[in-house]
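Below is the sequence, then the predicted model.
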Amino acid sequence: MPEDAPHISRVFELQKDWIDFNGHLNMAYYTVLFDRAYEEVSEGFGMGERYAAERRLTTYTAEIHLCYVRELHLGDRVRGSYQLLDHDEKRLHSYQELRHADEGWLAATCEAITLHIDMAGPRVAPFPADVLERIQAMRTRHETLQRPERAGRSIAIRRRKR
């Protein structure tokens with residue numbers, strides 16, 4: 001598991017068919033990018049493709065809150081960050097950012113609850129001890145990070161006071 005806090009992903013390039021008729025990245029592909037960045041973390045926890053195939057355990061996303069901050073366009077390159085905010089024996093609470101890989105500006109954020117799943121059910125199940133140990137090690141590193149200002153946001157129409 002990488003020792004960086006937060007975890008920073010490899011660089012992702014936008015694909016031409018991800019660009020919508022407005023000329024920017026279609027909203028669905030922000031989720032794809034966040035998912036690809038999470039897959040790197042998941043592999044580090046020992047919960048990648050082999051984990052699902054061999055141990056018949058995996059993760060499902062239960063809830064996400066995406067915020068689109070700045071448009072991405074064809075030719076832009078991004079990196080995702082992953083900060084583990086909390087966890088218990090069956091769940092992860094994370095915060096991610098997509099940033100322009102070359103210029104560093106924030107494009108989007110994603111806060112998520114991820115469930116650990118026994119594929120035999122499928123049903124929510126505790127993390128095995130080896131995986132939980134790696135999750136706890138990341139949480140210990142990430143506890144030193146400041147809580148992101150955008151974490152915990154809710155959806156609402158905010159009225160201006162007159």
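Okay, I see it.

Determine the number of other residues adjacent to L57.
By the criterion of other Cβ atoms under 10 Å, L57 has 20 neighbours. Any C-beta I mention is one placed from the backbone N, CA and C, and that applies to glycine too.

who's in contact with it?
47, 51, 116-119, 125, 128 (Cβ atoms under 8 Å, 6 or more residues apart in numbering).

Quick check: bridge partners of it?
D118 (DSSP bridges).

ditto for H93
Going by DSSP bridges, H93 forms beta bridges with D86, I113.

neighbours around it, how many?
Neighbour tally, H93, other Cβ under 10 Å: 17.

follow-up on the earlier one: okay if I get the contacts of L57 as CSV plus distance to T58?
Shown next, in CSV, are the contacts of L57 (distance: Cβ to Cβ, whole Å):
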residue, distance to T58
M47, 7
Y51, 7
H116, 8
I117, 5
D118, 9
M119, 6
A125, 10
P128, 12
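
tell me what the worst-scoring helix or strand of the chain on mean pLDDT is packed against?
Every helix and strand of the chain was ranked by mean pLDDT, DSSP states H and E. The lowest is helix 49-50, at a mean of 94. The criterion is 3 or more Cβ pairs under 8 Å, 6 or more residues apart in numbering; DSSP states H and E, and there are no helices or strands that helix 49-50 contacts.

in the chain, what spans have low per-residue confidence?
Residues of the chain that meet the criterion pLDDT under 70 lie in 1-4.

switch the cut-off to 50
For the chain, the stretches with pLDDT under 50 are 1-2.

May I see the buried residues of stretch 21-38?
Using 16 or more other Cβ atoms under 10 Å as the test for burial, stretch 21-38 gives 24-25, 29-30, 33-35, 37-38.

what's the offset of the longest helix along the chain from the middle of its chain?
Under DSSP state H, the helix in the chain containing the largest number of residues is helix 27-45. Computed by Cα atoms, centre = their mean, to the nearest Å, the chain-centroid distance of helix 27-45 equals 5 Å.

what separates L74 from L25, distance-wise?
Separation of L74 from L25 (Cβ to Cβ, to the nearest Å): 8 Å.

can I get the contacts of L57 in CSV with neighbour count?
Formatted as CSV, those follow (neighbours: other Cβ atoms under 10 Å):
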residue, neighbour count
M47, 24
Y51, 18
H116, 24
I117, 19
D118, 14
M119, 14
A125, 16
P128, 14
